[in-house]
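Student: show me how the following folds:
(one chain, ligands or ions: 2)
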Amino acid sequence: MSPSIGLQIFVGLPIIALIFRMLEQCRPLARQRLLRRGWKDDIAWYVLGCYLGQFSSAACLGAMLFLRHETGFDFGRLAAVQPGWLQILEIVLISDLLGYLFHRLLHSNPWLWRFHKVHHTSNHMDWLAAARLHPVDKLLGDFVQFVPLLCLGFGDGPLLIYVSILGFQMFLNHSNARINLGQLRWLIAGPDFHQWHHCEDPSAYNRNFAPHLVIFDRLFGTAHIPKERSRPWKYGVRESAPEGFWRQLVHPFQETVLAARTRLRPQSFDLRDWASRTKVQLLRREPSYEIRAALLFAVLVRHRLIA
Ligand SMILES: [Zn+2]
Ligand SMILES: [Zn+2]
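Tutor: Ligands and ions are numbered 1, 2, ... in the order given. Predicted structure coming up:
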């Protein structure tokens, strides 16, 4: 489904760089250096993304065939009988809803957030920042968005057009370009919309999740489109996060192992802490289960029901 890796790296990347660099040069959103900090790492993320794209295309196709075989639901080319424009519209809507829900999950689930946080570590927004996606984030996202589309049997042409829209919008929404969408900003997710999602200020966290449209964020109350300002002052996350491609690639796995070990480690018992918590519980008349069991035991002993 996707072009060869060599073509994506040696032809695709220079073309994308030329288009979006020209756009950023003509209509810059903020002043920043051409070769900003971390650009080499983001090139490495782009190259890794090309390999992952090939793998995920095959894996999504395999998952679709597996689901068809296991569930017996075979839609065949059901969606493909519709006109092409209608298929593209349906694909965008379905994909946007699934992308929105999955993106919310990436932010709310601590395990997934460790991997998605890598995408939020960029302190500068430009087209290349879009490439910074951890493999776990990218592969799970592709699965969530593409397996249902393949199962519904959309045509190859509309799917190919959609993949082009997805790639274009992904680079555009991270670009350092001032794009005036006019009233369409209330419908289409542009750079103004997505760059608030990367805002470093916690007051703007968990906003603007959808990849294509604004409608689902507005519907679920997570849209943030301030009229007075088109971009945040600062990008990134306030949590600790390493810099550099290799460290960012490995760090989420290290955090996961550390969290699992902490959870499995036996907790040390602090008698003073336990006594003060128990006192508070008794004062509130909300004793814990251990206290209730101890009180029950004392009552039974008192009434000589047990020795
Ligand atoms: Zn995010
Ligand atoms: Zn982003």
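Student: all strands of the stretch 201-307 of the chain, in order?
Tutor: Ranges of strands in the stretch 201-307 of the chain, per DSSP state E, counting those that start in this stretch: none exist.
Student: just for it, where's the confidence low?
Tutor: The model of the stretch 201-307 of the chain has pLDDT under 70 over residues 266-269, 287-290, 304-307.
Student: poorly predicted segments of the stretch 1-150 of the chain, please.
Tutor: Applying pLDDT under 70 to the stretch 1-150 of the chain flags residues 1-2, 74-75.
Student: how many neighbouring residues does residue 125 have?
Tutor: Residue 125: 26 surrounding residues under other C-beta atoms under 10 Å. In short, each C-beta sits where N, CA and C put it, glycine included.
Student: for it, helix, strand, or coil?
Tutor: For residue 125, the assignment made with DSSP: H, G, I helix; E, B strand; the rest coil gives coil.
Student: now the one 4 residues further on
Tutor: Secondary structure for residue 129, judged by three-state DSSP, is helix.
Student: with adjacent residues omitted, what lies nearest to it?
Tutor: Once flanking residues are discounted, residue 129 sits nearest to residue 122: 4.2 Å by C-beta to C-beta, 6 or more residues apart in numbering.
Student: so what's the residue count around that neighbour?
Tutor: Look at residue 122: counted by other C-beta under 10 Å, it has 23 neighbours.
Student: list the contacts of it.
Tutor: By C-beta atoms under 8 Å, 6 or more residues apart in numbering, the residues touching residue 122 are 38, 42, 129, 132, 198, 235, 236.
Student: next one: it from residue 35, what distance?
Tutor: Here the criterion is C-beta to C-beta, to the nearest Å. By it, residue 122 lies 14 Å from residue 35.
Student: rewinding a little: and the contacts of residue 122 as CSV, adding neighbour count and distance to residue 212?
Tutor: Below are the contacts of residue 122 laid out as CSV (neighbours: other C-beta atoms under 10 Å; distance: C-beta to C-beta, whole Å):
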residue, neighbour count, distance to residue 212
38, 20, 26
42, 20, 22
129, 26, 18
132, 23, 20
198, 24, 17
235, 22, 21
236, 16, 24
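Student: quick one: the residue nearest the centre of the chain and residue 171, what's the gap?
Tutor: Nearest to the geometric centre of the chain sits residue 103, at 4.1 Å (C-alpha atoms, centre = their mean). Noted for residue 103: a distance of 17 Å to residue 171, by C-beta to C-beta.
Student: also residue 194?
Tutor: Residue 194 is 11 Å from residue 171, by C-beta to C-beta.
Student: check residue 88 too.
Tutor: Counting by C-beta to C-beta, the separation of residue 88 from residue 171 is 19 Å.
Student: what's the host helix or strand of the residue nearest to the centre of the chain packed up against?
Tutor: When elements are defined using DSSP states H and E, residue 103 is found to belong to helix 84-108. Applying 3 or more C-beta pairs under 8 Å, 6 or more residues apart in numbering; DSSP states H and E, one finds that helix 84-108 contacts helix 110-116, helix 135-151, helix 156-174, helix 215-219.
Student: could I get the last one in CSV with only the CA atoms?
Tutor: Output of helix 215-219 as CSV, limited to C-alpha atoms (Å, rounded to 0.1, in the frame of the first residue of the first chain):
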residue,chain,number,x,y,z
ILE,A,215,-16.3,18.5,15.4
PHE,A,216,-15.6,15.7,17.8
ASP,A,217,-13.6,17.9,20.2
ARG,A,218,-16.5,20.4,20.1
LEU,A,219,-19.0,17.6,20.6
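Student: hmm, who's touching it?
Tutor: For helix 215-219, the external contacting residues (C-beta under 8 Å, 6+ apart) are 96, 97, 100, 186, 187, 207, 208, 209, 210, 223, 224.
Student: most surrounded residue in those?
Tutor: Ranked by the number of neighbours (other C-beta under 10 Å), these place residue 210 first, at 26 neighbours.
Student: pretty sure that residue contacts residue 100?
Tutor: Yes. Between residue 210 and residue 100 a contact is recorded at 4.3 Å, counting by C-beta atoms under 8 Å.
Student: what ranges do the helices span in the stretch 151-300 of the chain?
Tutor: Listed in chain order, the helices of the stretch 151-300 of the chain (DSSP state H, counting those that start in this stretch) span 156-174, 191-197, 215-219, 245-264, 271-283, 289-302.
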